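[1] coords please:
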Amino acid sequence: MAGELLPHIQYPSDLRKLSPKQLPQVAKELREFIIDIVSAKEGHLGASLGVTELTIALHYVFNTPHDLLVWDVGHQAYGHKILTGRKDNFDTNRQLEGISGFPKRSESEYDTFGTGHSSTSISAALGMAIASRLKGDLDKMHIAVIGDASIASGMAFEGLNHAGVTDANLLVILNDNAIGIDPSVGALKSYLTNVKEGRNPRDNNMIKSLNFDYSGPIDGHDLPTLIKELQRQKGLKGPRFLHIITTKGKGLKQAEEDQVKYHAPGKFDKLTGEILAIADEGLPPKYQDVFGLTLVELAEQNEKIIGITPAMPSGSSMKFMMEIFPERAIDVGIAEQHAVTLAAGMATQGMIVYCNIYSTFLQRAYDQLIHDVALQDLPVIFCLDRAGLVGEDGATHHGVFDLAYLNCIPNLIIYAPLNEVALRNILYTAQLGLEHPIAIRYPRGRGETTDWQKAFEKIEIAKAHQLKEGSKVAILSTGTIGNNVIKALSQTKNNDIFSHYDFGFVKPLDEAMLHTIFGNYETIITVEDGVVTGGFGSSIAAFAATHHYTAEIKMLGVPDEFIEHGTITQLQQYCDIDVKSLQDIFSGY
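    Take a look at the predicted model:
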């Protein structure tokens, strides 16, 4: 239509040429642009729609990129990317060799800090502010935009605690919409609700008590008010805190009404907002649902079973247990460290705790895993969702390091099921009574069979299984990547020379089986959907060295680099662990 503004905006310098009265039109066009692209290409929707006015106001008032803007997590940074030189290639968002779905320093000077995990923005922006002061740049602004779910995390409070005793030129903006991916939880949410509703005495302000200049709450969708307040903040010094209220999904009716589903809705009709149906009838279940439904089944039989998740009840399918056993299924918010030690505390009292954390987020609780669980040999059951390559979320979210970072921890059992039946049975086995903690890793997405709800069978700890017998080469796989091996072998002409072994247990290894394998085969191929450095293949190589075996060992898995975003199939191809690549490798023997 005539008079469109967004086509003429490539960078914030273009935005700043407009009058304040023109900015609501920019907001309308920016929302339409995001909806248009995300409806067809998928991605994170609701968060970016909710901060459209804030994004415009920040780049309009502040001198970015000289003034440094840090977005916490980064789900909400689509509008920021579009206004900072990436509008013309925004349709490549989260696609192979396209732009990242999260802020990324190597992508733009406007992305001042790479994010993807929550609650890092305050610490990062404070670090920048202290550095600026040391360099004598006293006018440079440092802005951290953080949501109400992320600010409840311990690391955010550590940043606030430090910032409050500095004179840093730091503005923390709380984007308060009462939801992260799932609804926010905890006492801080209740506090913020009281503040928003005027039920909190003005002299009872926890942010002020941390030595911040507190302002708000104000309407985060009122552009004139936002701009006026940001211009006022620009003239202040020291640490300050601006509380704004927004609606996640603002501007798309369905996204406002179902904020959980429209966080990342997949493809949808950009005109009606209706999510496009995916034909999933007759398909195998998602591993997440196998976990969630099996946990409910077990909890019905065993009253000692507890479920814990740090802010991912929907994504992990812990929601099933939360609906049926609300007192025994706990969402602790974005607090992985707390989740692990809470589980440890419960385990000391004889509870059987299933602590479900995405593989990439367990990295955030590594000390607690070692110090509070493994050192005390407490039988916590860790269910590591999204293990392996996760696809379009990219390097910040791949669960490819877990085998390596878990493998070195004493007392810890590590198991990776081949399929959903094995996942179901290890969940059952774990609650029968293990003497040690166990980490069970499984991928994002669907399994292999629809016939998975079979009678429970106990799994023997540290037992590997031969899936196929051959004459010359032994293939050792762990976890669901073994299904790629099975499919590749079925398409390999000379497959009679290959034996295939499923090593569900990465720790402890089935050493009796390994002695048999190394005694019968001169070539060993290991396959894993994790980093090769320190992973399953490295354990097999270490076993061979310890016992003076001289067989050739070829290790396949994720190379020693950060893998970017793309479809899971594309990324497996890059790592040579997709079916076709494996078939080509096997055909060379």
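
[2] right, and His142 touches Ala125 too?
    Yes. Counting by C-beta atoms under 8 Å, His142 does reach Ala125; the two are 4.6 Å apart. (C-beta placed from N, C-alpha, C; glycine too.)

[3] hey, what's in contact with both of these two?
    Shared contacts of His142 and Ala125 (C-beta atoms under 8 Å, 6 or more residues apart in numbering): 68, 70, 170.

[4] for the residues you listed, which one is nearest Thr546?
    Ranking the shared contacts of His142 and Ala125 by separation from Thr546, with C-beta to C-beta as the measure, puts Val70 on top at 47.1 Å.

[5] where does that closest one land in three-state SS?
    strand (DSSP: H, G, I helix; E, B strand; the rest coil).

[6] count the neighbours of it for me.
    Around Val70 there are 26 other residues, counting by other C-beta atoms under 10 Å.

[7] and which of the shared contacts of His142 and Ala125 is nearest to Thr569?
    Closest to Thr569, out of all of the shared contacts of His142 and Ala125 and judged by C-beta to C-beta, is Val70, at 33.3 Å.

[8] what is the mean pLDDT for stretch 523-535?
    Within the predicted structure, the mean pLDDT of stretch 523-535 is 98.

[9] can you pull the buried residues of stretch 254-267?
    Along stretch 254-267, these residues count as buried under the neighbour rule (16 or more other C-beta atoms under 10 Å): 254-256, 259-265.

[10] lowest pLDDT pick from those?
    pLDDT is lowest at Ala264 among the buried residues of stretch 254-267; the value there is 83.

[11] got a list of what that residue touches?
    42-45.

[12] burial count for Gln466?
    14.

[13] tell me the secondary structure for it?
    Under the three-state scheme (three-state DSSP), the conformation of Gln466 reads as strand.

[14] which among the shared contacts of His142 and Ala125 gets closest to Gln301?
    Using C-beta to C-beta, the shortest approach to Gln301 within the shared contacts of His142 and Ala125 belongs to Val70, at 47.5 Å.

[15] in this protein, which ranges drop under the pLDDT threshold?
    Scanning the chain for pLDDT under 70 picks out the ranges 1-2.

[16] which strand in it runs the most residues?
    Of all the segments of type strand in the chain, defined by DSSP state E, the longest one is strand 523-531.

[17] from the chain's centroid, how far away is that strand?
    Here strand 523-531 shows a centroid-to-chain-centroid distance of 25 Å under the convention C-alpha atoms, centre = their mean, to the nearest Å.

[18] could you shift the numbering so residue one becomes 19, and keep it that way?
    Yep, numbering from 19; the last one is strand 541-549 now.

[19] for the stretch 269-418 of the chain, which segments are assigned as strands?
    Assigned by DSSP state E, counting those that start in this stretch, the strands in the stretch 269-418 of the chain fall at 323-327, 347-349, 370-376, 399-403.

[20] which of those sits closest to Pro201?
    When the strands of the stretch 269-418 of the chain are ranked by distance to Pro201, counting by C-beta to C-beta, first place goes to strand 347-349 at 8.8 Å.

[21] can you work out which other helices and strands pack against the closest one?
    Here strand 347-349 touches strand 323-327, helix 337-342, going by 3 or more C-beta pairs under 8 Å, 6 or more residues apart in numbering; DSSP states H and E.

[22] ok, and what's touching the longest one?
    The reference is to helix 337-342. Contacting residues not belonging to helix 337-342 are listed as 307, 310-311, 313-314, 317-318, 325, 331, 346-347, 349 [C-beta under 8 Å, 6+ apart].

[23] between which two of the residues you listed is the distance greatest?
    With distance counted by C-beta to C-beta, no two of these lie farther apart than Glu318 and Asp349, which are 20.2 Å apart.

[24] what about those two, which has more around it?
    Neighbours were tallied for Glu318 and for Asp349 using other C-beta under 10 Å; the higher tally belongs to Asp349 (24 against 12).
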